[in-house]
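# Whatever this is, show me its structure:
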Amino acid sequence: DCPKLITDGSRPCRVHFKEFRDDHVEIGVDFRFRVPIIGDGYHQNKEACNLAIAKAMDKNKVQFALPTAFNYEVSLNKYGHLDR
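Below is the predicted model:
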């Protein structure tokens, strides 16, 4: 599902449990691809890889909760206006 993934051993392919928290487990995924890191091709490849990971998780009956809240950080300038 990830045809551009480098699997010949010339680049690292790592998956690590990074942290266990009360409300989540953080997993780091570090893959290398034969795709320039700009443009639609990059984003399409990244999406295909994420979908392949989700498919593998589903196949292995791994469950995870979807976000139920979003946190936004807003910065105001010295005049109390929103910084952009």
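
# So which residues of this protein form strands?
With strands called from DSSP state E, the chain shows them at 14-20, 25-30.

# Columns mean neighbour count and distance to residue 48 on top of those, output as JSON lines?
All C-beta spots, glycine's among them, are computed from the backbone N, C-alpha and C. Below are the strands of the chain laid out as JSON lines (neighbours: other Cβ atoms under 10 Å; distance: least, Cβ to Cβ, whole Å):
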{"stretch": "strand 14-20", "mean neighbour count": "9", "distance to residue 48": "17"}
{"stretch": "strand 25-30", "mean neighbour count": "10", "distance to residue 48": "13"}
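
# With mean pLDDT added, can I get the ones you listed in JSON lines?
Shown next, in JSON lines, are these (pLDDT from 0 to 100):
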{"stretch": "strand 14-20", "mean pLDDT": "85"}
{"stretch": "strand 25-30", "mean pLDDT": "84"}
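
# How about residue 12, nearest residue that isn't a chain neighbour?
Leaving aside its sequence neighbours, residue 12 sits nearest to residue 30 (Cβ to Cβ, 6 or more residues apart in numbering; 6.2 Å).
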